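got a predicted structure here, sequence first:
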Amino acid sequence: MSAFGGDPARGGDALVRLFHVSKSYLAGTWALQDVSLELRKGQFAFLTGPSGAGKSTLMRLIFAAERPSEGQIIILGRNADRLRPAGIPALRRRIGVVFQDFKLLPRRTVEENVAVALDVVGVPHRQARARVFSMLKRVGLQHRRFHYPLTLSGGEQQRVAIARALVNEPEILLADEPTGNLDPELTLEIMELIAGVAARGTTVLVATHELGLVERFGKRTLRLEGGRIAADSAER
Amino acid sequence: MSGLLAQLRHFARSAWLGLRSSPLPSVLAVATLAVSLFLAGLFALLLSNMSGILDRFGREVRLTAYVEPGLGAEAERELTARVGRLAGVEGAEWVTREQALERFRSRLGGDAALLEGLEENPLPASIEVDLAPSHHDAEGLARVSGSLAALPGVAEVSHGHAWVEGYARAVSLLRAAALGLGGVLALAALVIVTNTIRLTVYARRDEIDILMLVGATRTFVAIPFLLEGLIQGTLGGLLALGLLFGAFSAFGGSLQAAATFLLGHAEPVFLDAGACASLVAAGTGLGLVGSAVALLLGLRR
């Protein structure tokens, strides 16, 4: 287990730093307990552990959907605990998030689903279309841009979600069980795509319970058990 | 600027998709607003016509102040001048006893011979008073009547239209009832519109979460819902106006007949452009406030 002392604001090239973070939803029970970790720029890490170990809670803390009950979190140089509600959108525009259930807008086309991340920051329409096209090309879906999500396969839907998460060129990509709904072949395809994102300099944290996948990629792995970090193995 | 255009495009498309995806609640909200505003408009129409009758009557009404007998021509002339200077009086005309008798004679026409047996003129001198436009209502009439009656030398004041005061009281009562009922209707419409939009906020919770996830501000999330409320409110207002005009066209003729029978010449008139615009604006406002309240309740977390 890693623990970091000293001044939380000093993080070097660390984009995510957690200091003795605990999270409780009910008095007396802990979803996360005394978690300290650091993710450097461009680092690719897996977060593993059984269901209920706290993987999703940790993800939610990093993209400021939750506040810690104890401890401090520094994301992209900002102390998440001191972040005012009005400051959260600006932080989230620098973090891409991908979920197991894709979270796509069913009544919007693939192109619109990806463009929504640019609409919120006010990117001009023509520029947004070009960026969306280029991003869809990167995930191999440019020919499906006018289709609706429900007409796509699971793997294609997840690639749309990844395109949406990346179109704003975020510094951090969080993926919570991104292959949980996909068959083994598509799982590998999606994971290769995510590994490529890390190779381009984005910090990536993937929560998964598929140990075979973790073994195959051989990246740094944080193992959560009962809300605590039970192991932190370095990249092979 | 083009970034703003992109956002406006997003808002318009989101509002359109929202309305299209939940047509039943939208139709319910528009219908509720239309019925409430139609009823409020009906009261406004009734009131404006009743007030119109009162105004027309006020423009025609003349007060008559009968002078005490034996006052003398000079005193009567002075009294007429004093009456002319009273507040709310536009003009005062002195009618001598002889003139009064002459008028009476001409009004009798062929029966004027009846007056030939009279040894003495029984009619008093009088002062006929025209009211200033500011006093063309029941209160103005009562004020000037009181001032005239208080003048020394005035025996009696008559306007010959005692019903005006009762009618004016009825108009005031109706206005108060309309205000109260309008308030209740507006509140009911607001509650229904708020709940309808709140339902659509809950139904689109996933969409809201996704927008928040990609860094949308609350304002960005809220604007399409506010637009939906605004569109529903405006449609409700326009529909109410259409219904009101339809009802007026269908029943205006019967109303005219009834009003003419009761009040003499009366022609029902529809709401003026300002009142029509106010009715539609009330719908827009209710839709907007309803969606704002729904968002405050629905996005609170």
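Structure's in. What do you need?

looking at this, A:A231 is in a helix?
No. A:A231 is assigned strand when assessed by DSSP: H, G, I helix; E, B strand; the rest coil, not a helix.

neighbours of it, how many?
12 (other C-beta atoms under 10 Å in any protein chain shown). Heads up, the C-betas are built off the backbone N, CA and C, glycines and all.

got it, and B:L71?
So B:L71, with other C-beta under 10 Å, has 17 neighbours.

interface residues of the stretch 1-150 of chain B facing chain A?
Taking C-beta under 8 Å from any C-beta of the partner chain, the part of the stretch 1-150 of chain B that reaches chain A is made up of B:2-7, B:9-10, B:13, B:17, B:21.

quick check: longest helix of chain A.
Selection of the longest helix in chain A by residue count, based on DSSP state H, yields helix A:184-199.

tell me the buried residues in that helix?
Using 16 or more other C-beta atoms under 10 Å in any protein chain shown as the test for burial, helix A:184-199 gives A:186-187, A:189-191, A:193-194, A:197-198.

now which of the residues of the stretch 1-150 of chain B next to chain A would you call buried?
B:3, B:6-7, B:10, B:17.

name the helices or strands packed onto the longest helix of chain A?
Counting contacts by 3 or more C-beta pairs under 8 Å, 6 or more residues apart in numbering or on different chains; DSSP states H and E, helix A:184-199 is packed against strand A:44-48, helix A:154-166, strand A:172-176, strand A:203-207, helix A:211-217.

just the CA trace of the longest one, in CSV.
What that stands for is helix A:154-166. What follows is helix A:154-166, C-alpha atoms only, in CSV (Å, rounded to 0.1, in the frame of the first residue of the first chain):
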residue,chain,number,x,y,z
GLY,A,154,-22.3,-3.3,-27.6
GLY,A,155,-18.7,-2.9,-28.7
GLU,A,156,-19.7,-0.1,-31.0
GLN,A,157,-21.7,1.7,-28.3
GLN,A,158,-18.7,1.5,-26.0
ARG,A,159,-16.5,3.0,-28.7
VAL,A,160,-19.0,5.9,-29.0
ALA,A,161,-18.8,6.4,-25.3
ILE,A,162,-14.9,6.3,-25.4
ALA,A,163,-15.0,8.8,-28.3
ARG,A,164,-17.3,11.1,-26.3
ALA,A,165,-14.9,10.8,-23.3
LEU,A,166,-11.9,11.6,-25.4
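
how far off strand A:172-176 does it point, in degrees?
Calculated by axes from the mean of the first three to the mean of the last three C-alpha atoms, to 10 degrees, helix A:154-166 forms an angle of 150 degrees with strand A:172-176.

and stretch A:57-74, which residues are buried?
So stretch A:57-74, judged by 16+ other C-beta under 10 Å, has buried residues A:57-66, A:68, A:71-74.

coming back round to it: need the residues of the stretch 1-150 of chain B next to chain A in TSV with pLDDT, distance to A:L211 and secondary structure, can you?
Formatted as TSV, those follow (pLDDT from 0 to 100; distance: C-beta to C-beta, whole Å; DSSP: H, G, I helix; E, B strand; the rest coil):
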residue	pLDDT	distance to A:L211	secondary structure
B:S2	67	48	helix
B:G3	71	45	helix
B:L4	77	49	helix
B:L5	78	49	helix
B:A6	75	44	helix
B:Q7	79	44	helix
B:R9	82	46	helix
B:H10	79	42	helix
B:R13	81	43	helix
B:L17	80	42	helix
B:S21	75	41	helix
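
which among these gets closest to B:L255?
Distances from B:L255 to the residues of the stretch 1-150 of chain B next to chain A, taken as C-beta to C-beta, are shortest for B:S21 (43.3 Å).

from what I can see that closest one touches A:L105, true?
No. Using C-beta atoms under 8 Å, B:S21 makes no contact with A:L105, being 10.8 Å away.

neighbouring contacts of the longest helix of chain A?
Contacts to helix A:184-199, defined as C-beta atoms under 8 Å, 6 or more residues apart in numbering or on different chains, come from residues A:42-44, A:139, A:153-155, A:158-159, A:162, A:166, A:173, A:175, A:178-179, A:182, A:204, A:206, A:210, A:213, A:217.

so how far is it from its chain's centroid?
Relative to the chain's own centre, helix A:184-199 is displaced by 14 Å; criterion: C-alpha atoms, centre = their mean, to the nearest Å.

dump it to PDB, keeping only the CA atoms.
In PDB, the C-alpha atoms belonging to helix A:184-199 read as follows (Å, rounded to 0.1, in the frame of the first residue of the first chain):
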ATOM      1  CA  PRO A 184     -14.000 -11.500 -25.000                       C
ATOM      2  CA  GLU A 185     -13.200 -10.400 -28.500                       C
ATOM      3  CA  LEU A 186     -14.800  -7.000 -28.200                       C
ATOM      4  CA  THR A 187     -13.300  -6.700 -24.700                       C
ATOM      5  CA  LEU A 188      -9.800  -6.900 -26.100                       C
ATOM      6  CA  GLU A 189     -10.600  -4.500 -28.900                       C
ATOM      7  CA  ILE A 190     -11.800  -1.900 -26.400                       C
ATOM      8  CA  MET A 191      -8.900  -2.400 -24.000                       C
ATOM      9  CA  GLU A 192      -6.400  -2.000 -26.900                       C
ATOM     10  CA  LEU A 193      -8.200   1.300 -27.700                       C
ATOM     11  CA  ILE A 194      -7.900   2.500 -24.100                       C
ATOM     12  CA  ALA A 195      -4.200   1.400 -23.900                       C
ATOM     13  CA  GLY A 196      -3.600   3.500 -27.000                       C
ATOM     14  CA  VAL A 197      -5.100   6.500 -25.200                       C
ATOM     15  CA  ALA A 198      -2.600   6.100 -22.300                       C
ATOM     16  CA  ALA A 199       0.200   5.800 -24.900                       C
END
